[in-house]
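>>> Generate a structure from the sequence data that follows.
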Amino acid sequence: MGKISKKQANALKAVDSSKTYSLKEACALTKQISYVKFNASVDLHIKLGVDPRQASQMVRGTASLPHGTGKTVRVLVLTTPDKEAAAREAGADHVGLNDYIEKIQQGWTDIDVIICSPDVMAQVGKLGRVLGPRGLMPNPKSGTVTPDVGTAVKEVKAGKIDFRVDKTGIVHASIGKTSFTVEQLVDNATELLNVLVKLKPPTSKGVYLRSVYMAPTMGPGIKVDNNTVGV
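The predicted model follows:
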C-alpha cells in the first residue's frame, strides 16, 4: 500500500473497525470521514444469507428512495413514435429507436438508465452484448421494460434505484450523497433495507441480513448495527 494522505489517515482513525454503529451514527460518521473535495456518494454494502447461484435465491428489485440519490440520472427511452412525446414530457434525456440502436452497436453508452416499451424489446435484445456487461439492459423486473414509459422515466428521475445481489451474496447500492442530511440518509437507507427484507427468498435459511456496511465513495467502511436499521 502506498503512502496515505493526512485526510485518509484521519478518516481511518475516526472509524473504530471493532465497533458497530447505529444507523444514525453511521450516517453522521460517513459524512464526516469523506476526504474527497467533491460531493461523494454514500453507499450501502449489504451481505445477505442467500446463495445467488440458486435461481430461487437471486434477490433483485427496485427501491424508490424518498430523497432521491442526489445524482443526475441520464435516461434513454427506446420506443415507438407514438410514445416518444410522453417520454420527452416526463424528462427523458434521449428518445428514439433505430438511430440509438445503431449508436449503441457502435459503442455509445453515455447514459445511466435505458427504458423501453415491450414492443421494441426484440430489437433491444440484440444489444445485450454491449448493454449486459454495463448493467444497462432493460428488464421488466426493474420496471425498465414497460408500456408506460412516461411514468418509468419520472420514477427513475425521482430516485428509483435498481439493485441485485452479486455472486458473493452482497447488494451494493448508492443511497445518497455526503451533502445529504443525516435524516435523509437514514430515510433512504431504511427504505432500501425494508425493500430487501420483503424480498427475502422463502428458501433462505438462517440469518438473512448478515451484515450492513456504509461508506462514502472514498473512505473506510462503517459497520452498522443490524438492530438499529428499523426493519
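
>>> now the strands for this protein?
41-48, 60-64, 75-78, 94-96, 113-116, 160-164, 170-177, 209-216, 222-224 (DSSP state E).

>>> out of the ones you listed, nearest to S22?
strand 222-224 (7.6 Å; Cβ to Cβ). C-beta: built from backbone N, CA, C; applies to glycine.

>>> gap between the closest one and the chain center?
Distance, stretch centre to chain centre, for strand 222-224: 19 Å (Cα atoms, centre = their mean, to the nearest Å).

>>> now do stretch 78-86
26 Å.

>>> Take that stretch, keep the C-alpha atoms, and write them as CSV.
Only the C-alpha atoms of stretch 78-86 are listed here, as CSV (Å, rounded to 0.1, in the frame of the first residue of the first chain):
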residue,chain,number,x,y,z
LEU,A,78,-36.2,3.3,-26.8
THR,A,79,-39.8,3.2,-28.1
THR,A,80,-42.2,3.6,-31.0
PRO,A,81,-43.1,7.1,-32.3
ASP,A,82,-46.5,7.2,-30.6
LYS,A,83,-44.8,7.0,-27.1
GLU,A,84,-42.0,9.5,-27.8
ALA,A,85,-43.9,12.6,-26.7
ALA,A,86,-44.8,11.1,-23.3
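
>>> How about stretch 95-110, which residues are buried there?
Residues of stretch 95-110 classed as buried by neighbour count (16 or more other Cβ atoms under 10 Å): V95, G96, L97, Y100, I101, I104.

>>> nope, stretch 35-48 is what I was after
Neighbour counts over stretch 35-48 (16+ other Cβ under 10 Å) mark Y35, A40, S41, V42, D43, L44, H45, I46, K47, L48 as buried.

>>> Let's have those residues in JSON lines, adding distance to D148.
Shown next, in JSON lines, are those (distance: Cβ to Cβ, whole Å):
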{"residue": "Y35", "distance to D148": "43"}
{"residue": "A40", "distance to D148": "34"}
{"residue": "S41", "distance to D148": "29"}
{"residue": "V42", "distance to D148": "31"}
{"residue": "D43", "distance to D148": "30"}
{"residue": "L44", "distance to D148": "29"}
{"residue": "H45", "distance to D148": "33"}
{"residue": "I46", "distance to D148": "30"}
{"residue": "K47", "distance to D148": "35"}
{"residue": "L48", "distance to D148": "31"}
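
>>> For F163, see how far away I175 is.
Look at I175 and F163: by Cβ to Cβ, to the nearest Å, they are 10 Å apart.

>>> which residue is nearest the centroid of this structure?
Nearest to the mean C-alpha position of the chain, by Cα atoms, centre = their mean, lies A173 at 4.0 Å.

>>> my guess is that residue meets V42, correct?
No - the pair A173 / V42 is not scored as a contact, 10.0 Å apart, by Cβ atoms under 8 Å.
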